[in-house]
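*Asks:* need a structure here:
(2 chains)
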Amino acid sequence: MHDGALFRRFCILGVAAWLIVFALAPNAGLLVVSFLTRHPEDFVAPGLTLDAYTRLMDPTFAAIFWESVRLAALATLVCLLAGYPFAYALARAGRRARPWLLLMVVIPFWTNSLIRTYAVIIILKSRGVLSNLLEALGLTSGPVSLLYTDTAMFIGFTYTLLPFMILPLFAAIEKLDRNLLDAARDLGAGSLRAFWNVTLPLTMPGILAGSMLVFLPALGMFYIPELLGGGKSMLIGNFIKNQMLLARDWPLGAAASTVLTVALAVMIVLWRVAARRAREDEADDLLAEGAP
Amino acid sequence: MTRKLRLAWMVLVFAFLYLPILVVIVYSFNDATYSTAWRGFTWKWYERLAANGPLMDAALRTLVVAVVSATAATVLGTLAALALNRYRFTGRKVLLGSILVLTVSPDIVMGISLLIFFVVLGASLGFGTLLVSHITLCLPFVTLTVLARLASFDENLVEAARDLGASEWRAFRDVILPLTLPAVGAGWLLSFTLSMDDVLISFFVTGPSYEILPLKIYSMVRLGVKPDINALSAIMFTLTVACVLLAHAMTRTRRQ
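*Replies:* Okay, the predicted model is just below:
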């Protein structure tokens, strides 16, 4: 029995120690730094203050924050609109083809996201693939460039994050019982109505999971706005990075990170409530169905 | 949705996902430095890539960090999953909660909190700090992957082993580990790709003396597009495909 206790202690303490030292302590440090005073040479100076948070109240930061949320939400919406029919088609594909099609979704998902961002640059830049194509088709008279625009940034987000949307959607749609759809059709529902009243509510957990998986990374990826947007629009990730590495204003960077974390925590809680409600609705529907 | 419409949408999305990558691969063989017009087939960008010492060094470092951190994260993460699944102890919920929080916490926040931590400790930024950060990044993903497998695991097998006199360690080595090995392997592969792919955290926790591939690509792309990045991208893409196919083949043979 003795060695059992030893092994058990080894497992628990090892992991707990790692997390306390390298996850809890750094995050506590971040919080502390956000309350300290800025120091140009020494990064931070002692003396507790709310200075960094007061500076975040500035309308500039509110605009940055809002722009980041707007872009991330828009990217999530486009991924959902493109990904849903795709995941649906995938779930309805033949049994033999399905694993291979799924594999084809996973491959870009595993490819380095910088490499994929770079691929987007090649296509969008002036005299790039798109520009040449449009010119060859006679649609434009000279070279065009989409690079360093909001559209480019937006294409970049959609391109890198789409697989994150497709995989949970596929899992949700594949689980869907087709008999329920047939039943709806038998009861006279048109295909649109059957989709709206049956498919959509039943796949809501997948929709919510996919949306979170796209939305969260879209907020923090500073390299996509920089490489594709030309650094013209400042997003929250760029703001944090610049404060930490360029302006050397650690308290401000730390405070912005804290605000971001708290905002995300609130969103995750809301998401969990929504997901639970979706599941309960599903349970209700099934119960109602079982009733005579 | 009609069959035709589904097929068309599927083709469209796959085109969106693959065309950019294919374009990069095609251009990696294009004998033109600045223009995107096709000037004939060449290997010269690959030759130039192989001759680019700093870039090759960065690639090697990335690989070393990925292998070591994936291995360490897999060991730690598997132990954590085991502890969470088998033992009831005070703070169990806290441990599980913090692992879940860690998976959703934004990478950029993890990056700067670790940077502050290392600077306060006076650690020099480089291999060590990179390794620690990547292990922390990957650990929760391994734990969750293995935990999912352990949840569908027949407890009686372990009980039987214990009844037959196996120590806790032997039960782990001879019963639990072999049965959860696919999940452990999947956790390792996941960690390996997470580490290879990471830009946001590495950006903060490594110093100029220890440059790794994603950061090198980042600065190269910022300075303008050069054809040797096409060659590098093509190689990395091919490697990814090989890895994914390998993992796929492994899980397939296991199922049979």
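*Asks:* Helix, strand, or coil at A:V44?
*Replies:* Using DSSP: H, G, I helix; E, B strand; the rest coil, the secondary structure recorded for A:V44 is strand.
*Asks:* ok, now the one 4 residues further on?
*Replies:* Per three-state DSSP, the secondary structure class of A:L48 is coil.
*Asks:* residues contacting the closest residue to it other than its chain neighbours?
*Replies:* Among residues not flanking A:L48 along the chain, A:F35 sits closest, at 5.2 Å (C-beta to C-beta, 6 or more residues apart in numbering or on different chains). In short, each C-beta sits where N, CA and C put it, glycine included. Applying C-beta atoms under 8 Å, 6 or more residues apart in numbering or on different chains to A:F35 gives the contacts A:L48, A:T49, A:L50, A:A52, A:P251.
*Asks:* isn't the last one right up against A:V32?
*Replies:* So that's A:P251. No - the criterion here is C-beta atoms under 8 Å, and A:P251 misses it with A:V32 at 9.8 Å.
*Asks:* In the stretch 101-250 of chain A, which residue sits closest to chain B?
*Replies:* Using C-beta to the nearest C-beta, the closest approach of the stretch 101-250 of chain A to chain B is made by A:A119 at 3.5 Å.
*Asks:* what helix or strand is that residue on?
*Replies:* Using DSSP states H and E, A:A119 falls within helix A:113-124.
*Asks:* heading toward the C-terminus, what's the first helix or strand past that helix?
*Replies:* helix A:129-136.
*Asks:* returning to that earlier point: compare A:P251 and A:V32 and say which one has the larger neighbour count.
*Replies:* Between A:P251 and A:V32, A:P251 has the larger neighbour count (other C-beta atoms under 10 Å in any protein chain shown), namely 25 against 15.
*Asks:* what sits against the more buried one?
*Replies:* A:V33, A:S34, A:F35, A:L36, A:T37, A:R38, A:V44, A:T49, A:D51, A:A52.
*Asks:* Save those as a markdown table, and put in secondary structure and pLDDT too.
*Replies:* Putting the contacts of A:P251 into a markdown table (DSSP: H, G, I helix; E, B strand; the rest coil; pLDDT from 0 to 100) gives the following:
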| residue | secondary structure | pLDDT |
| --- | --- | --- |
| A:V33 | helix | 92 |
| A:S34 | helix | 92 |
| A:F35 | coil | 93 |
| A:L36 | coil | 90 |
| A:T37 | strand | 87 |
| A:R38 | strand | 84 |
| A:V44 | strand | 77 |
| A:T49 | coil | 84 |
| A:D51 | helix | 85 |
| A:A52 | helix | 88 |
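*Asks:* List buried residues within those residues.
*Replies:* Using 16 or more other C-beta atoms under 10 Å in any protein chain shown as the burial test, the contacts of A:P251 include A:V33, A:S34, A:F35, A:L36, A:R38, A:V44, A:D51, A:A52 as buried.
*Asks:* so how far is chain B from the fifth one?
*Replies:* Spelled out, it's A:R38. 14 Å (C-beta to the nearest C-beta, to the nearest Å).
*Asks:* pretty sure that residue is touching A:A247, no?
*Replies:* No - using C-beta under 8 Å, A:R38 makes no contact with A:A247, being 9.1 Å away.
*Asks:* which one among the contacts of A:P251 gets closest to chain B?
*Replies:* Nearest member of the contacts of A:P251 to chain B, counting by C-beta to the nearest C-beta, is A:V33, at 5.6 Å.
*Asks:* What is the longest helix of chain B by residue count?
*Replies:* Determined from DSSP state H, the single longest helix within chain B is helix B:53-86.
*Asks:* Walking through the chain, point out its strands one by one.
*Replies:* With no chain named, the answer covers chain A. A:37-39, A:43-45 (DSSP state E).
*Asks:* I should have written chain B there, sorry.
*Replies:* Going by DSSP E, chain B shows no strands.
*Asks:* middle-most residue in it, spatially?
*Replies:* B:T193 (1.9 Å; C-alpha atoms, centre = their mean).
*Asks:* Show me the shaky parts of chain B.
*Replies:* Applying pLDDT under 70 to chain B flags residues B:1, B:34-36, B:225, B:250-256.
*Asks:* and what of chain A?
*Replies:* Using pLDDT under 70, chain A drops low at A:1-4, A:282-292.
*Asks:* For the stretch 51-200 of chain A, what lies in contact range of chain B?
*Replies:* A:82-83, A:85-86, A:88-90, A:92-93, A:99, A:101, A:103-108, A:110-123, A:125, A:127-129, A:132, A:159, A:162-163, A:166 (C-beta under 8 Å from any C-beta of the partner chain).
*Asks:* and those, which are buried?
*Replies:* Looks like those have A:82-83, A:85-86, A:88-90, A:93, A:101, A:104-108, A:110-123, A:125, A:127-129, A:132, A:159, A:162-163, A:166 buried, using 16+ other C-beta under 10 Å.
*Asks:* count of neighbours near A:L50?
*Replies:* 13.
*Asks:* Okay, it and A:I20: tell me how far apart.
*Replies:* 28 Å (C-beta to C-beta, to the nearest Å).
*Asks:* cool, A:L137 as well?
*Replies:* 60 Å.
*Asks:* Which one of the residues in the stretch 151-256 of chain B is closest to chain A?
*Replies:* Per C-beta to the nearest C-beta, B:E168 is where the stretch 151-256 of chain B lies closest to chain A, at 3.6 Å.
*Asks:* number of nearby residues for that residue?
*Replies:* Neighbour tally, B:E168, other C-beta under 10 Å: 22.
*Asks:* Kindly report the same for B:L130.
*Replies:* Residues within reach of B:L130, counting by other C-beta under 10 Å, total 26.
*Asks:* go on, B:L17?
*Replies:* 21.
*Asks:* Please apply the same query to A:V266.
*Replies:* Counted with other C-beta under 10 Å, residues neighbouring A:V266 total 10.
*Asks:* same check, this time on A:I224
*Replies:* Each residue near A:I224 was counted by other C-beta under 10 Å, and the total is 30.
*Asks:* wait, doesn't it sit right on A:M153?
*Replies:* Yes - contact criterion C-beta under 8 Å: A:I224 and A:M153 qualify, at 6.1 Å.
*Asks:* wait, what's in contact with A:L213?
*Replies:* By C-beta under 8 Å, 6+ apart, the neighbours of A:L213 are A:L161, A:F164, A:M165, A:P168.
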